[in-house]
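Participant: Next come a sequence and a model predicted from it.
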4 protein chains.
Amino acid sequence: MTDPIERFMKEIEPYLIEQRRERHRYPEIGFTEYVTTYELSEQLAGKGFSLFYGTELLTSEERMGVPSDEFLKANELRALDKGVPPAFLEKMKGGHTGLAAVLDTDRPGPNFAYRFDIDALPIEESDAAGHVPAQQAFRSQVAGMMHACGHDGHAAIGLGLADYLSKEQDKLCGKYTILFQPAEEGGRGAKAIVDKGWLDDANYFLSGHVGIHDLPAGAVAAATSRFLASSKINAKFIGKSAHSGLEPNEGRNALLAAASATLHLHSISRHKDGATRINVGTLHAGAGRNIIAEKALMEIETRGETNELDAYMQENAERILQASADLYDVELELEHMGKAISTSADLEFAGVVERACASSKSLNIVPHLAIGASEDVTYMIERVRERGGKATFMIFASPLPAGHHNPSFDYEEQALMAGLETLIRTTDYLLKGDGIRAELAD
Amino acid sequence: MTDPIERFMKEIEPYLIEQRRERHRYPEIGFTEYVTTYELSEQLAGKGFSLFYGTELLTSEERMGVPSDEFLKANELRALDKGVPPAFLEKMKGGHTGLAAVLDTDRPGPNFAYRFDIDALPIEESDAAGHVPAQQAFRSQVAGMMHACGHDGHAAIGLGLADYLSKEQDKLCGKYTILFQPAEEGGRGAKAIVDKGWLDDANYFLSGHVGIHDLPAGAVAAATSRFLASSKINAKFIGKSAHSGLEPNEGRNALLAAASATLHLHSISRHKDGATRINVGTLHAGAGRNIIAEKALMEIETRGETNELDAYMQENAERILQASADLYDVELELEHMGKAISTSADLEFAGVVERACASSKSLNIVPHLAIGASEDVTYMIERVRERGGKATFMIFASPLPAGHHNPSFDYEEQALMAGLETLIRTTDYLLKGDGIRAELAD
Amino acid sequence: MTDPIERFMKEIEPYLIEQRRERHRYPEIGFTEYVTTYELSEQLAGKGFSLFYGTELLTSEERMGVPSDEFLKANELRALDKGVPPAFLEKMKGGHTGLAAVLDTDRPGPNFAYRFDIDALPIEESDAAGHVPAQQAFRSQVAGMMHACGHDGHAAIGLGLADYLSKEQDKLCGKYTILFQPAEEGGRGAKAIVDKGWLDDANYFLSGHVGIHDLPAGAVAAATSRFLASSKINAKFIGKSAHSGLEPNEGRNALLAAASATLHLHSISRHKDGATRINVGTLHAGAGRNIIAEKALMEIETRGETNELDAYMQENAERILQASADLYDVELELEHMGKAISTSADLEFAGVVERACASSKSLNIVPHLAIGASEDVTYMIERVRERGGKATFMIFASPLPAGHHNPSFDYEEQALMAGLETLIRTTDYLLKGDGIRAELAD
Amino acid sequence: MTDPIERFMKEIEPYLIEQRRERHRYPEIGFTEYVTTYELSEQLAGKGFSLFYGTELLTSEERMGVPSDEFLKANELRALDKGVPPAFLEKMKGGHTGLAAVLDTDRPGPNFAYRFDIDALPIEESDAAGHVPAQQAFRSQVAGMMHACGHDGHAAIGLGLADYLSKEQDKLCGKYTILFQPAEEGGRGAKAIVDKGWLDDANYFLSGHVGIHDLPAGAVAAATSRFLASSKINAKFIGKSAHSGLEPNEGRNALLAAASATLHLHSISRHKDGATRINVGTLHAGAGRNIIAEKALMEIETRGETNELDAYMQENAERILQASADLYDVELELEHMGKAISTSADLEFAGVVERACASSKSLNIVPHLAIGASEDVTYMIERVRERGGKATFMIFASPLPAGHHNPSFDYEEQALMAGLETLIRTTDYLLKGDGIRAELAD
């Protein structure tokens, strides 16, 4: 007799791959996932879920690093062009993207919440012959944008999970909330969802990420720890333009201030207490070759193994930015654009997931991984815990031809299958009774 | 009895001001002066000039710093939109802007050449209440573009001069060539006109610039010296992107290389032999906050009081750019984008212009000024001299509320009147006979 | 009935403190410990030890970062002045400092080796009222030199241990080698002792360090792990001097190259695989205010949690140093000055030491500590292991009023007592029989 | 009949060369010219001059950049060693070096003042075979010190002039003051002499410098203009030391602050109004390789073609130094160490000197030179002028194998002869009567 989950997995595979590739072809960056949100809603239609989006999903003011109005507007026009109905778009306008899909069985049982992030990155995808998406015709169709972090696959897993829950809904009890989160890159979207209360009554919170680690393809890490705290800031230097040949001394050079700040930010001392990170990811300055640059804009992020270490980096960064402005007698404006906190999954999941998946023929569960990335899922994990729930963040491993955020990033689609199966089996296991749930009790 | 030139000046004043403001309202940057070129041709129509443009005016390959095809194409669409006829546009396509207007009297006499540059700058114009163009409703209508160097006025003087020559054509002898040059900013257009032979048979070359110096409004400097030689280069650093949190060590940081190069370029030692300049005018790097930047592009210029001093700056700059690439293990690509040479006007013009304008009631001629700017008019001056002609570059002085290339740049329109009158009177004087012309003989 | 070790500890305390303070008063930096070596030999005289020093102790060519001949000579004169007999000095000349004291019982038994480092640092000691050495009149008497890392106490523990072994020698079996190592700072002395074979037949190697960690005073960590690998290099930039006013462009500025290198070295990217360190500890450049600096000398060190991470830092550092030379067109000379490798103590000592000290009333044994320091004792530990012995490095904890290498560094002398007692008890325990020794067998 | 001045010149030549080489062999840097001062006084003994030194010559507090007490003391011991009598030394102690030699004829006549600077530089002299001082055995005998700016020759000219005046004293009228000034390098000594009133009643002030310009050997420039104003500052950064491996984040890195300041000082923008200079001549920082550097000391100078341009450089430099301290959270202490102002000789001397030397067979007088150096003789020139006198500064030209302040600096001794003869002839000419002196009247 076949395991019904095994059977489901076989059936869902083509859909999973098709949806991943569909998303990969049409990447949208944080808070502009208008088309993605709409197409996800279309996929979920008729499956028994209540859908929530726009300000139902997010607290507007708790979003961080929202793009400029102009940029949002241009993307809204694009979305209309791509066929998003005006009424649907209206609710999302101004960067209120993402979707919550809720299946309430109305039968007593635990509340499950799942999170899948859906945004892409401003990277021009490789068109090298050996790059699989290029080879198999699902390369990004949007110039300068790319799903270079696997969120295309996350969205696909979310849809696969919805399909499973929908098909099994008569046998289930409790409530199931699938969160399709916008703007994970830069740590900008999660806090606004948390603030709306979507995690307040979750008993179990399951989430994960494809790729990342040097495990065999198809392996799944049941629980991860050591999320780096991270802060995102924009620095704007404002000086004074002048003709660089006639009167260079009359200028106040914002470009030089930014260049100097960049070097000095990267020279912040390592810290004895653990890993830290700094990156000036972008720098745009100046209006013309023979003009002393009046303006410079930098996008910066810091990370730390603990919240304290990130605070150490931030404190140094802010002092350095101000001193760099002083070096060239220019003004500084700082803007806080995103944040992720340091946390760890509930490590009891290591055992739970292992046992949940013990009967699977294909899964290879690794109990625990310490990762060194930042993720705003940490806001969700912390909220679930504060309210007495249990939370995990898994890794759906795959060998990577090139690292995350690289134009040649790609992963084996088998990882999506492993991720989905693990989520389903863990859900199934946790539903089986109080005895099992007790494993997760403190 | 009224002086006929005086009378002409009175009549032309409203037209001069109207044309200056018209140009000011619609600034176009180097090699995209499609609308400007067309509208100048319209103003010149029916006045007896033969008009030459497109590759009749410029040798295509001798232009420097031509914008990207995409940028040119976008501007060509804009020009169509603004009413430039397709056939006219066709000849200019690919950045072949500017115009030569030739009036040949077919009577023996000297060949005069005049040069007026017509391009604007990528600067957002001030909208402060006190800024005259804002106040008097001729502020730039193109976002991010501005005539912040007075070329709007240069174009207007050229039209005024054409009007005078047209009206007086029956009394004139010799040939008159008015060159409306594109892309002076960055030293990109003049060499391509020179290469086409437009200056080869000029006996007298007259040119000038509005603004610049601390002389009383209405004063005109008859001859200038000490043009700075200047070279324009673009540097592109190409590294390797990587996720800045997960594996920062895997990246090769092009943004850091560019920041470092910027600082070090500005630290090139002063030179004992005279003035030098360096400017990194723009720097654009990076694709996202949490990505180690793969690419960085810098627009750089150097200047020197002599060609040797500019060569000294270039030699140091190129070494520094390569070493900065080595610092961060990234690749460097250099592109030469423009050049102006060091020269001086024929200083005999000091006396000629003074005598030519002696009878004017309004003109205040200053014989000579040493300026410290770079101008690709130097290519024209050098060519005229090589072929035995005489050349000058004048300053049409005006107090400036803010320096050249500043968002609040402006000048008194009286300076245009003074400039035009000086050009007319000097032409008139030089026509009067061999005795006078002998003043300019070696 | 009193514990004889307890009794010994009570008796030895005044001597231990006196010797520590004696050493503290007269700090000598690496390879100039002429007076220290001689005075240690005096303390050991008549106690049954054979003493070895000079090239008996060290392989001359395996020492790293040996000071200049002039500096050594000046220190040799100083030593004569302080009363070191010429014949004794003769054997040490040229920086062959340090001492091996061997007690061979001629009875079968294990070989014990112990290591105590004896060098000081070029730091001017604090004379603040609250600084205990100043208060209690044992502040450094040598201007600019200080025992700011506790090696004064290490030497004292070594003498205390020698005293114990001497008194107990009739009851002991086996052989006891106490190594007083020169030039630990900078990782310069250990390799030369190892090369001489002193560790080749050690069954047990015991060593340690005072201070360092946030444990209660008197606590002892039995085994430490995570020594950082470290490399020490000197960089010399050689340019060309010139008068900075008359002809600044004629110089090639070594000082600017060094300044730039400093900034860029500190901007080497963090590494995903673990902790790294970089420090430009000293920079000396230039000959006069109005001279373009011809020479610059930098003392640099890198560290890494693994040998690979240290190699990553070195590789980047060397590229950056060369590129910094290129930036200013100066020459670079690199010299390798010292090295420590990454290793870990044999962690079985955790249990051994705990049991050995179980009966002590005062000792508080902490089984294991991960530290983040570099120590060339790692060369000794690795050699002992390669030859089948067992090695540990302990921490003799103390609260610190100021960190290591700080002018106000100090520690509680109680830590020396704890350290000595732990070494004695562990030796005693390991001597008691094969059964116990088996604990350390693989 | 031979010209008596010609005859004198022939006789004095060996003495002039001997004295120059004597001085070259024993260079002393500013405010430590103890031996030089004493030996000059010995040479002047018995020639009819009253000698003044110590605080008779200088106002103690108006000296700038006086070395540390320790350094002065060490040099005073050296002077005793070299045979300076204790009583003579006593008056000079604490850096009161230099000498005024006054010959008062007690006959009515003009007051002449002459200035010769006598200090050397902290440069190690070349010992290359082709370096003349090495070849001819008068290379510096003091390690690290060198007369690399020609002040050895200045002192010799002063002695030659004294010899002439002494021999001619019966035929002279008026008063003659020869000032042997200490500490010209760095602009540290002149102001203290001026303050003492030595220039207050001078009718004619003659001074000069050997070398410098590309004139034929033996040429003398009668008057110079365009002295650069200059300011000398020391910057001290004070941070906090820490162990660079254990707790790098605990340090505050003074070395990094100084390195950063160095780069940024050299990036101060060129100024439209004329030449500027900046140099960080020395940088000394840090106490050991594995210690975060607590202290860094920089010697800095700025220059400007006008006092305003030097003020522009100073203002930028001070802001940059403070901001660099802020970058690394360290303290800054600034000390003003020397200053020279911008001035010009009285250009009427061009004609006077030419006529005075017209009868010389060997002299080749160039009327005027614009130089670009800084000299604190400008304080003397300004004072003479304020009080109604006339002042010049000449160049005694020589080809140079290597520039000033270079280890291979040297000049042809013929230049000393030309300098001395010009001073004598100009003095003689100015004495001849009121008619001639009227040339210099305004």
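Facilitator: Structure's in. What do you need? Numbering: from 1, shown residues only, chains lettered A, B, ... in the order given.

Participant: so what's the residue lying closest to A:D201 once chain neighbours are set aside up against?
Facilitator: Nearest residue to A:D201, sequence neighbours excluded (Cβ to Cβ, 6 or more residues apart in numbering or on different chains): A:N111, at 5.2 Å. Every residue, glycine included, has its C-beta placed from N, CA and C. Contacts for A:N111 were tallied using Cβ atoms under 8 Å, 6 or more residues apart in numbering or on different chains; they are A:G174, A:K175, A:Y176, A:T177, A:D201, A:A202, A:N203, A:Y204, A:G389.

Participant: what about A:N111, distance to A:I381?
Facilitator: 15 Å (Cβ to Cβ, to the nearest Å).

Participant: Quick check: the two most widely separated of the contacts of A:N111?
Facilitator: Spatially, the most separated pair among the contacts of A:N111 is A:Y176 and A:G389, at 14.0 Å (Cβ to Cβ).

Participant: Is A:P27 in contact with A:I118, as I believe?
Facilitator: No. Here A:P27 does not reach A:I118: they are 9.7 Å apart, not a contact under Cβ atoms under 8 Å.

Participant: Buried residues in stretch A:189-198, which are they?
Facilitator: Residues of stretch A:189-198 classed as buried under the neighbour-count rule (16 or more other Cβ atoms under 10 Å in any protein chain shown) are A:G189, A:A190, A:K191, A:A192, A:I193, A:V194, A:D195, A:K196, A:W198.

Participant: element containing the residue nearest the centre of chain A, please.
Facilitator: Of all residues in chain A, the one closest to the mean position by Cα atoms, centre = their mean is A:E184, 3.0 Å from it. For A:E184, there is no helix or strand it lies in under DSSP states H and E.

Participant: Local confidence estimate at the residue nearest to A:D201?
Facilitator: Turning to A:N111, the model gives it a pLDDT of 96.

Participant: what's around whichever residue of the stretch 301-442 of chain A sits closest to chain C, how many residues?
Facilitator: Nearest residue of the stretch 301-442 of chain A to chain C, counting by Cβ to the nearest Cβ: A:G372, 6.2 Å away. Around A:G372 there are 23 other residues, counting by other Cβ atoms under 10 Å in any protein chain shown.

Participant: So it sits against A:A275, correct?
Facilitator: Yes. Using Cβ under 8 Å, A:G372 is in contact with A:A275, at 6.2 Å.

Participant: Would you reformat the buried residues of stretch A:189-198 as TSV and include distance to C:P67 and pLDDT?
Facilitator: As requested, the buried residues of stretch A:189-198 are arranged in TSV below (distance: Cβ to Cβ, whole Å; pLDDT from 0 to 100):
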residue	distance to C:P67	pLDDT
A:G189	60	96
A:A190	58	96
A:K191	58	96
A:A192	62	97
A:I193	63	98
A:V194	61	97
A:D195	63	97
A:K196	67	97
A:W198	67	98
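
Participant: interface residues of the stretch 1-150 of chain A facing chain B?
Facilitator: Applying Cβ under 8 Å from any Cβ of the partner chain, one finds that the stretch 1-150 of chain A approaches chain B through A:L121, A:P122, A:I123, A:E124.

Participant: rewinding a little: which one of the buried residues of stretch A:189-198 sits closest to chain B?
Facilitator: A:G189 (14.3 Å).

Participant: Contact partners for the closest residue to that closest one other than its chain neighbours?
Facilitator: Nearest residue to A:G189, sequence neighbours excluded (Cβ to Cβ, 6+ apart): A:A183, at 3.5 Å. For A:A183, the contact set (Cβ under 8 Å, 6+ apart) comprises A:G30, A:F31, A:E33, A:R63, A:G65, A:T97, A:G98, A:D119, A:G189.

Participant: Let me have these in a markdown table, adding distance to B:A257 and secondary structure as columns.
Facilitator: Formatted as a markdown table, those follow (distance: Cβ to Cβ, whole Å; DSSP: H, G, I helix; E, B strand; the rest coil):
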| residue | distance to B:A257 | secondary structure |
| --- | --- | --- |
| A:G30 | 28 | coil |
| A:F31 | 31 | coil |
| A:E33 | 33 | coil |
| A:R63 | 34 | coil |
| A:G65 | 26 | coil |
| A:T97 | 35 | coil |
| A:G98 | 37 | coil |
| A:D119 | 29 | coil |
| A:G189 | 32 | coil |
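
Participant: Which residue in these has the weakest pLDDT?
Facilitator: A:G65 (89).
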